[in-house]
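> For reference, the sequence and a predicted model appear below.
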Amino acid sequence: MTVLIRTEVEVLAWVKPIMGEATTDPVRLPPVPRIPKLAQGIGFIAARDKAITAVARRLGSEFTLNLPIFGPTVVISDPALVKELFTMNTDLIARAGVLGEVLGPGSTFSLDGTAHRQRRKLLVPPFHGKRMQGYEHIIEEEVMREIASWPEGEDFATLPSMMRITLNAILRAVFGADGAALEELRELLPPMVLKSSRLAVLPPAARRDYGPWSPWARAQKLRRRYDAIIAGLIADARRDPAFEDRSDVLALMLQARYDDGSPISDDHVADELLTLLAAGHETTATTLAWAVERLRRHPRLLTRLADEVDAGGSDLLQATIFEVQRTRPVINGTARRTRTRIRLGEWVIPERHVVLVSISLAHAAERSFTDAAAFNPDRFVGKPPDTHAWIPFGGGIRRCIGAAFANMEMTVTLRTLLREFEFGTTYAPGESAHSRGVATAPGDGGRAVVYRRSPRTPSTVHGDAAAEVSA
Ligand code: HEM
């Protein structure tokens, strides 16, 4: 529901005047920590979230860092400033980051200004909340197939399963792939996306061809294979007598037309599909693994959720997903780069500076979330989160296109798991966060112990924490 409302708000952002102002006032940056530039860089690379939290404890919610790759960076997290930045006129700020370079010129990540707005206008309808119900059966099928081999009564990591479920979900619902193409993409894409995202965070020199064995040349070889498979999928879709009735995002992208009547070119469709996979596969899988990690440690919540699922409800489950995303955001921050000198709240930020919205700091703020350190889904039951305080999907014109898709995937996956299994609970300390490059995952892979539920038995709680009464 909330996801739906947000998509509509976003549509309005195209027609409403967007906020923000350029200025010639003297530069006024938030405080800089007294740490040498080199140490700031090392701290950020080694433990980005911990480093940012430590600085925030000393300097407050806004500060300035000098970071590798990004350069001078203003970190913000206060909802008022976050709102100002996310709704700022795109003549003043652009997206920061180099992912577009490895995904291709037709990727949403490579587009800015008018070209970006026009592309989003075509991509938002296929991902609109109202369409999501149509994909639920694909997710449920993938979950059932994956859990058929889950061992009973044994401790195991759920992240590999979550990665397979979310990969297959995107390949089927977004790429419209099946048969041999599905098999081939399933093999090809995970290593290809991993190689590309590693290359994206290296200096530009790493993205040059130094001969057939250089990392860039090898990544390009995989890319050529990928392009050939996508060309086949596009040709098949166009030949499909049911093309106009298809609901996969590939078919919808091929049918979409810009205001001047032109289509998205086939090359751009290939870049965009890769973008949707790179952005949507690991992020959703790691959030699901965190959900398992959290639920095992909250036995009473588990029982309430199983009861709700049995009764056909979903309010507590939705609130639980919101709270998992608040307390364990898998993307820690999102960045913009100033095109000109801008005013942001009381600060005046010069041209070519990065403004990094720290999602982790925003979600840990006591002024936005009472008892912020506690995992308490009840805070969101009947009270959807605030748009600029709860920001796991970013915001404004760059807000995650796949938010409704991810929410649907997580709802169906968790609902199916709660219907099929009882989860062993534990008093073990929470799993620590581990950065996988794109997303932050539970360090032990979201371990679980499961027991199959016999049909229609009321849910019971197994495990160390079974006697615990409070969630
Ligand atoms: C729990 C899962 C997910 C999380 C936490 C997540 C998070 C994010 C974040 C933080 C951004 C940047 C937003 C900003 O800069 O304001 C983003 C952008 C994006 N996401 Fe997601 N995402 C998820 C799932 C997905 C899925 C399933 C898809 C597609 C199938 C997707 C596609 C995209 C795209 C295309 C963008 C770029 C939007 C643009 O630049 O206009 N994401 N996502």
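That came through, no problem. Please read all numbers here as calculations on a predicted model, not as lab measurements.
> Give me the pLDDT for the residue positioned nearest the centre of the chain.
The residue lying closest to the centre of the chain (CA atoms, centre = their mean) is residue 283, at 4.4 Å. With respect to pLDDT, residue 283 scores 97.
> what do you get for residue 62?
95.
> you'd agree it is up against residue 73?
No: contact criterion CB atoms under 8 Å: residue 62 and residue 73 do not qualify, at 11.4 Å. Using the backbone N, CA and C atoms, a C-beta is placed for each residue, glycine as well.
> Now do the strands in the stretch 301-450 of the chain.
333-338, 342-344, 347-349, 354-358, 421-425, 433-435, 440-442, 447-448, 450-452 (DSSP state E, counting those that start in this stretch).
> Now for the residue nearest to the centre of the chain: which residues touch it?
Residue 283 is in contact with 330-331, 406, 438-439, counting by CB atoms under 8 Å, 6 or more residues apart in numbering.
> so where does it fall, helix or strand?
helix 266-296 (DSSP states H and E).
> how far does that helix sit from the chain's center?
Distance, stretch centre to chain centre, for helix 266-296: 6 Å (CA atoms, centre = their mean, to the nearest Å).
> near the ligand, which residues of the stretch 201-350 of the chain show up?
The stretch 201-350 of the chain comes close to the ligand at residues 275-276, 279-280, 283-284, 287, 330-331, 334, as judged by CB under 6 Å from any ligand atom.
> From those, pick the one nearest residue 353.
Nearest to residue 353, judged by CB to CB, of these is residue 334 at 15.3 Å.
> On the strand side of things, show who the closest one bridges to.
Beta-bridge partners recorded for residue 334 (DSSP bridges): residue 357.
> There's contact between it and residue 358 in this structure, I believe.
No: using CB under 8 Å as the test, residue 334 is too far from residue 358 to be in contact (9.1 Å).
> just the helices in the stretch 1-150 of the chain please.
Taking DSSP state H, counting those that start in this stretch, the helices of the stretch 1-150 of the chain run over residues 2-15, 37-46, 48-59, 79-86, 99-103, 113-123, 136-147.
> Mind checking these for the one nearest to residue 218?
helix 99-103 (12.8 Å).
> hmm, that closest one touching the ligand?
No: contact of helix 99-103 with the ligand is not found when judged by CB under 6 Å from any ligand atom; the minimum separation is 9.0 Å.
> Extract the residue ranges of the stretch 51-200 of the chain that are flagged as low pLDDT.
Judged by pLDDT under 70, the stretch 51-200 of the chain has no weakly predicted residues.
> Output the residue of it whose distance to the ligand is smallest.
residue 108 (4.6 Å; CB to the nearest ligand atom).
> list the contacts for that residue?
116, 119-120, 123, 272, 275, 401.
> again, only using 10 Å
95, 99-100, 115-116, 119-120, 123, 268, 271-272, 275-276, 279, 398, 401 (CB atoms under 10 Å, 6 or more residues apart in numbering).
> Can you report how many residues lie near residue 204?
8 (other CB atoms under 10 Å).
> Would you mind measuring from it to residue 101?
8 Å (CB to CB, to the nearest Å).
> Mind checking what secondary structure the residue nearest to residue 254 when sequence neighbours are not counted has?
Once flanking residues are discounted, residue 254 sits nearest to residue 237: 6.0 Å by CB to CB, 6 or more residues apart in numbering. Applying DSSP: H, G, I helix; E, B strand; the rest coil to residue 237 yields a three-state assignment of helix.
> Name all residues that make contact with the residue nearest to residue 123 when sequence neighbours are not counted.
Excluding its sequence neighbours, the residue lying closest to residue 123 (CB to CB, 6+ apart) is residue 401, at 5.5 Å. Residue 401 makes contact with 7, 10, 108, 119-120, 123-124, 126-127, 249, 272, 275-276, 279-280, 393 under the criterion CB under 10 Å, 6+ apart.
> Near the residue nearest to residue 52 when sequence neighbours are not counted, how many residues? Count them for me, please.
Spatially, and ignoring its direct neighbours in sequence, residue 52 is nearest to residue 358 (5.5 Å; CB to CB, 6+ apart). Number of residues near residue 358 (other CB under 10 Å) recorded here: 28.
> Distance from the chain centre to stretch 304-314, please.
On the basis of CA atoms, centre = their mean, stretch 304-314 sits 26 Å off its chain's mean C-alpha point.
> what about it, average pLDDT?
Per-residue scores along stretch 304-314 average to 97.
> and that stretch, C-alpha only, in PDB?
Coordinates of each C-alpha in stretch 304-314 appear next as PDB, following Å, rounded to 0.1, in the frame of the first residue of the first chain:
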ATOM      1  CA  ARG A 304       2.500 -13.800  15.900                       C
ATOM      2  CA  LEU A 305       3.600 -13.800  12.300                       C
ATOM      3  CA  ALA A 306       2.800 -17.400  11.700                       C
ATOM      4  CA  ASP A 307      -0.700 -16.800  13.300                       C
ATOM      5  CA  GLU A 308      -1.200 -13.800  11.000                       C
ATOM      6  CA  VAL A 309      -0.200 -15.800   7.900                       C
ATOM      7  CA  ASP A 310      -2.500 -18.600   8.800                       C
ATOM      8  CA  ALA A 311      -5.400 -16.200   9.200                       C
ATOM      9  CA  GLY A 312      -4.600 -14.600   5.800                       C
ATOM     10  CA  GLY A 313      -3.400 -11.200   7.200                       C
ATOM     11  CA  SER A 314      -0.300  -9.200   6.300                       C
END
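> Can you name the residues of the stretch 1-150 of the chain that neighbour the ligand?
Counting by CB under 6 Å from any ligand atom, the stretch 1-150 of the chain sits next to the ligand at 95, 108-109, 120.
> Include distance to residue 83 when you put the residues you listed into CSV, please.
Output for those, formatted as CSV (distance: CB to CB, whole Å):
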residue, distance to residue 83
95, 18
108, 22
109, 23
120, 19
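> Sort out for me which of these are in strands.
Counting by DSSP state E, those place residue 95 in strands.
> Can you turn the buried subset of the residues of the stretch 1-150 of the chain next to the ligand into a selection I can paste into PyMOL?
Here is the PyMOL selection string for the buried members of those, based on 16 or more other CB atoms under 10 Å:
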select buried, resi 95+108+109+120
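> before we move on, the earlier item: quick one, which of the helices of the stretch 1-150 of the chain gets closest to residue 223.
By CB to CB (comparing all of those), the closest turns out to be helix 99-103, at 9.0 Å.
> elements contacting the closest one?
Packing partners of helix 99-103 (3 or more CB pairs under 10 Å, 6 or more residues apart in numbering; DSSP states H and E): helix 179-200, helix 215-239, helix 266-296.
> Relative to residue 27, how far out is the residue of the stretch 51-200 of the chain closest to the ligand?
To residue 27, residue 108 is 32 Å away according to CB to CB.
> which parts of stretch 255-267 are buried?
256, 264, 266.
> Surely the first one and residue 122 touch.
By that I understand residue 256. Yes: Residue 256 is within contact range of residue 122, at 4.1 Å (criterion: CB atoms under 10 Å).
> Quick check: neighbours shared by those two?
Counting by CB under 10 Å, 6+ apart, the residues touching both residue 256 and residue 122 are 263-264.
> between the helices and strands packed on helix 99-103, which gets nearest to residue 136?
Nearest of those to residue 136, taken as CB to CB: helix 266-296 at 14.4 Å.
> No more questions from me, cheers.
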